[in-house]
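Colleague: My questions concern the predicted model and sequence given below.
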Amino acid sequence: MELSKYAVGRVDSIFYIPDFITAAEQSFLLHQVNSAPSSKWKTLTNRRLQNWGGIVESNGLVPQPLPSWLTKITEKISSVTGLFPSPINHVLVNEYLPGQGIMLHQDGPSYFPVVAILSLGAPTLMRFKPHLRLIEATKDLEKAPENTSVALLPGSLLIFKDAAYQGNCKAFFLPSSSFSRVSDYLHGIDESREHRLDDNVSSIFSQFLSRVSLTCRFVPKLRRNFIKL
Ligand SMILES: O=C(O)CCC(=O)C(=O)O
């Protein structure tokens, strides 16, 4: 796939593929998410989540196999995008009720610096905001780093490559051309029922349905499970 055709926003290395999956695939995935035992859900203040693939610790992943309904979709993401060096081995399922969101953040250093987020259910808006250190580093330049937003419709795939995955990207043998400025950006979703695209585009989404997202990543370093006696 020629990914550059799907580049969006005013920040490099963000890609948006609409209709990445069909309505039937969406219903299937939602059904699987909703069939998980209630113990699989972790409830946070502003969303709830399921963790699949194992526990990500600062020094790697204590792996658990992904269920087949997830390997099928993650294999499709890997093969279509060609961005992952090995099979995706970690998926977070987030569920947001109307008005819920996720605060601006950067993903942890254990992940390979590419994220693929599949959206199901309600639409929303993902915001990218320059990190303070990028604002500082570019304050003498003519062009200040910009905020950008991407509307995420159900069935779409958002990809961004984030060198801020602390960054010793060379360790992953990425060509330097694939390093991205997104590394210096935070991403998040406002806790609001209405999402304004940006100052120039006045579309507003009102959310009535809940939204479910699948955040798919690859953790290169695996840790062996151990039992303490
Ligand atoms: O739900 C989303 O689209 C974003 C999730 C996210 O940023 C994360 O899991 O780190």
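Modeller: That came through, no problem.
Colleague: for the helix or strand where residue 188 lies, packing partners?
Modeller: Secondary-structure assignment from DSSP states H and E places residue 188 in strand 185-189. On a contact count with 3 or more CB pairs under 8 Å, 6 or more residues apart in numbering; DSSP states H and E, strand 185-189 meets strand 102-105, strand 124-130. No exception for glycine: its C-beta is placed from N, CA and C like everyone else's.
Colleague: for the ones you listed, which one ends up most surrounded?
Modeller: Neighbour counts (mean count of other CB atoms under 10 Å) averaged over each of the helices and strands packed on strand 185-189 peak at strand 124-130, with a mean of 21.
Colleague: strands paired with it, and their directions?
Modeller: strand 148-152 (antiparallel), strand 185-189 (antiparallel) (DSSP bridges).
Colleague: what pLDDT, on average, does the helix or strand just after it get?
Modeller: The helix or strand immediately downstream of strand 124-130 is helix 132-137, counting by DSSP H and E. The average of the pLDDT scores along helix 132-137 is 78.
Colleague: what would the helices and strands packed on strand 185-189 look like in a markdown table with distance to the ligand?
Modeller: Supplementary listing: these in a markdown table, determined by distance: least, CB to the nearest ligand atom, whole Å:
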| stretch | distance to the ligand |
| --- | --- |
| strand 102-105 | 5 |
| strand 124-130 | 6 |
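Colleague: looking at the ones you listed, which has the lowest confidence?
Modeller: Looking at the helices and strands packed on strand 185-189, the bottom one is strand 124-130 with a mean of 90.
Colleague: May I ask you to confirm that residue 138 is in contact with residue 132?
Modeller: No. Taking contacts as CB atoms under 8 Å, residue 138 lies outside contact range of residue 132: 11.1 Å.
Colleague: In the chain, what residue comes closest to the ligand?
Modeller: The chain approaches the ligand most closely through residue 213 (3.4 Å), counting by CB to the nearest ligand atom.
Colleague: Okay then, goodbye and thanks.
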